[in-house]
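**Q** Sequence unavailable; structure follows:
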């Protein structure tokens with residue numbers, strides 16, 4: 001009696017079994033679908049609403065402008081740098097009540113130049129600072 005070893009049982013399977021991969025991906029998908037809403041809204045916070053109020057320019061308001069090249073102007077007078085602006089703003093900071101400072105920044109100006117203006121105004125102790133924008 002002879003034994004037949006490995007004729008029909010040992011054929012090579014040429015396909016990949018993707019069932020375990022699909023099972024793992026479905027489990028991960030379910031985990032993400034359950035946890036993402038919990039993570040994004042876990043703390044209840046009342047966010048501020050956008051509001052545009054029409055402001056009138058009063059004669060006592062101080063207007064500081066920053067053009068597209070980063071040059072600073074107090075009303076229409078050119079200012080050399082933030083230190084000179086700070087020196088000029090000290091007289092406005094000493095007034096009772098303090099006037100409101102309105103910053104007019106050009107759309108193409110760098111944030112850095114507007115930031116320097118804000119820093120100089122802050123160092124003088126002026127409390128009311130606002131930005132002038134175009135209405136939408």
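**A** Okay, I see it. Since the structure is predicted, the reported quantities are computational estimates derived from the model, not experimental observations. Numbers count the residues shown, from 1 in each chain.

**Q** C-alpha from now on. contacts and neighbour counts both.
**A** Will do.

**Q** how about the helices of the chain, start to end?
**A** 19-40, 82-93, 111-124 (DSSP state H).

**Q** want to try TSV for those helices, with mean pLDDT and mean neighbour count as columns?
**A** As requested, the helices of the chain are exported to TSV (pLDDT from 0 to 100; neighbours: other Cα atoms under 10 Å):
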stretch	mean pLDDT	mean neighbour count
helix 19-40	84	10
helix 82-93	87	17
helix 111-124	88	17
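
**Q** any chance of these in a markdown table, with distance to residue 104 too?
**A** A markdown table is the format used below for those (distance: least, Cα to Cα, whole Å):
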| stretch | distance to residue 104 |
| --- | --- |
| helix 19-40 | 36 |
| helix 82-93 | 15 |
| helix 111-124 | 9 |
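
**Q** center of this protein, which residue is that?
**A** Centroid-nearest residue in the chain, with Cα atoms, centre = their mean: residue 111, separated by 12.2 Å.

**Q** re earlier: among the helices of the chain, single out whichever gets nearest to residue 102.
**A** Closest to residue 102 of the helices of the chain is helix 111-124 (Cα to Cα; 10.3 Å).

**Q** Let me know which of the helices of the chain is the nearest to residue 101.
**A** helix 111-124 (8.3 Å).

**Q** Just the angle for the closest one relative to helix 82-93, thanks.
**A** Counting by axes from the mean of the first three to the mean of the last three Cα atoms, to 10 degrees, helix 111-124 lies at 40 degrees to helix 82-93.
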